[in-house]
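> quick one: sequence and predicted model below, then my questions.
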Amino acid sequence: MPPDNSNNPPEAPTETPPPEVKPLRPDSSFNTQQERRWHRKRLLSRISLFLILVLLAGGIYTYANRNDLAKLGRRDKDSAISRSAPSEAIVSLTPTGIIPATVSIRQGGNVTWTNTDTADNSLDFIGHEDFNSEVLKPNDSFNLTFDEPGIYNYSGTANKTFTGTVIVE
């Protein structure tokens, strides 16, 4: 192309401005509500996945140790009794009643009654008269060993409405 001899000055090359770059998350927020929903769903799915993995790991651990856990539930008769019932109990005969009204002991265990009342008292066993006590003066005690399992009901002679029970396992 031949040179232009016109009186027009040559045009200066024009610079194009760089394209405007918009930040994806200005001020740590999402641009659209749709993006917020998407990120919320993503976060919830990650939390759900974490909880599922924790539960799965707990289930695997429990399954792997099921024999040890089953042993905790099994006890032979003697060990069950030794854990559930003590070998002795103490009962008070008070002006307001027998405290505690019911005690549990294991077979061969002892119960000691103490008269903490100001009046004389004694114990009458219902159906087991050979267990009855002598008269207990204030602060006297009476001890009885129970060799046979069963339920033994008794009452105080100072007030027949005061009753008690010994459970022998």
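Thanks, I have it.
> list the beta-bridge partners for residue 115.
residue 93 (DSSP bridges).
> that one against residue 134, yeah?
No: with contact defined as CB atoms under 8 Å, residue 115 does not count as touching residue 134 (11.1 Å). C-beta here means a position set from N, CA and C on the backbone, and glycine is covered the same way.
> who has more neighbours, the two?
residue 115 (24 against 9; other CB atoms under 10 Å).
> over to residue 34. Which of the three states is it?
helix (DSSP: H, G, I helix; E, B strand; the rest coil).
> run a quick neighbour tally on residue 121.
For residue 121, using other CB under 10 Å, the count is 25.
> distance from the chain centre to stretch 114-123, please.
Stretch 114-123 sits 41 Å away from the centroid of its parent chain (CA atoms, centre = their mean, to the nearest Å).
> measure that stretch end to end?
Using CA to CA, to the nearest Å, one end of stretch 114-123 lies 11 Å from the other.
> could you list the buried residues of it?
Using 16 or more other CB atoms under 10 Å as the test for burial, stretch 114-123 gives 114-115, 117, 121-123.
> format the residues you listed as CSV; extra columns: distance to residue 140 and pLDDT.
As requested, the buried residues of stretch 114-123 are exported to CSV (distance: CB to CB, whole Å; pLDDT from 0 to 100):
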residue, distance to residue 140, pLDDT
114, 7, 93
115, 5, 92
117, 10, 88
121, 9, 91
122, 10, 90
123, 12, 91
